[in-house]
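Quick one: sequence and predicted model below, then my questions.
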Amino acid sequence: MDIKILGSGCAKCKTLEKLTREVVEQTGIEATITKVEDIVEIMKYGIMTTPALVVDGKVEIKGRVPSSDEIKKVLLK
């Protein structure tokens, strides 16, 4: 699984990255997590508000920090 956290490095973006890493570790999911801070790269996903969670190229969550349970549901579906 390829997971990308899109965000400029703000507090919300860092929180999303931390929560995502925790969920991956807790569930034992095989995943590569990448933090994308380049605005040009972020724009390629059509994201206007960060943070955003991208799983295998698909934007799953954007513009807010989800709960750990919500991240888990997205990653396990």
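Received, thanks. Numbers count the residues shown, from 1 in each chain.

residues in contact with the lowest-mean-pLDDT helix or strand in the chain?
When each helix and strand of the chain is scored by mean pLDDT, DSSP states H and E, helix 39-43 comes last, with a mean of 93. Contacts to helix 39-43, defined as C-beta atoms under 8 Å, 6 or more residues apart in numbering, come from residues Leu6, Gly7, Ser8, Val36, Thr50, Ala52. The way it works is simple: take the backbone N, C-alpha and C, and place the C-beta from them, glycine included.

so the fifth one, which of the three states?
What that stands for is Thr50. Put simply, Thr50 is coil when judged by DSSP: H, G, I helix; E, B strand; the rest coil.

for the very next helix or strand once past the least confident helix or strand of the chain, packing partners?
Next in sequence after helix 39-43, counting helices and strands by DSSP states H and E, comes strand 52-55. Helices and strands touching strand 52-55, as assessed by 3 or more C-beta pairs under 8 Å, 6 or more residues apart in numbering; DSSP states H and E, comprise strand 2-6, strand 58-62, helix 68-76.

Out of the contacts of helix 39-43, who's the most crowded?
Tallying neighbours with other C-beta atoms under 10 Å puts Leu6 at the head of the contacts of helix 39-43, with 26 neighbours.

That residue contacts Thr34, correct?
No. Checked against C-beta atoms under 8 Å, the pair Leu6 and Thr34 is beyond contact range at 9.6 Å.

any chance of the helices and strands packed on strand 52-55 in TSV, plus mean pLDDT and distance to Gly28?
Shown next, in TSV, are the helices and strands packed on strand 52-55 (pLDDT from 0 to 100; distance: least, C-beta to C-beta, whole Å):
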stretch	mean pLDDT	distance to Gly28
strand 2-6	98	14
strand 58-62	97	19
helix 68-76	96	11
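
Ok, which of the ones you listed comes nearest Leu19?
Nearest of the helices and strands packed on strand 52-55 to Leu19, taken as C-beta to C-beta: helix 68-76 at 5.4 Å.
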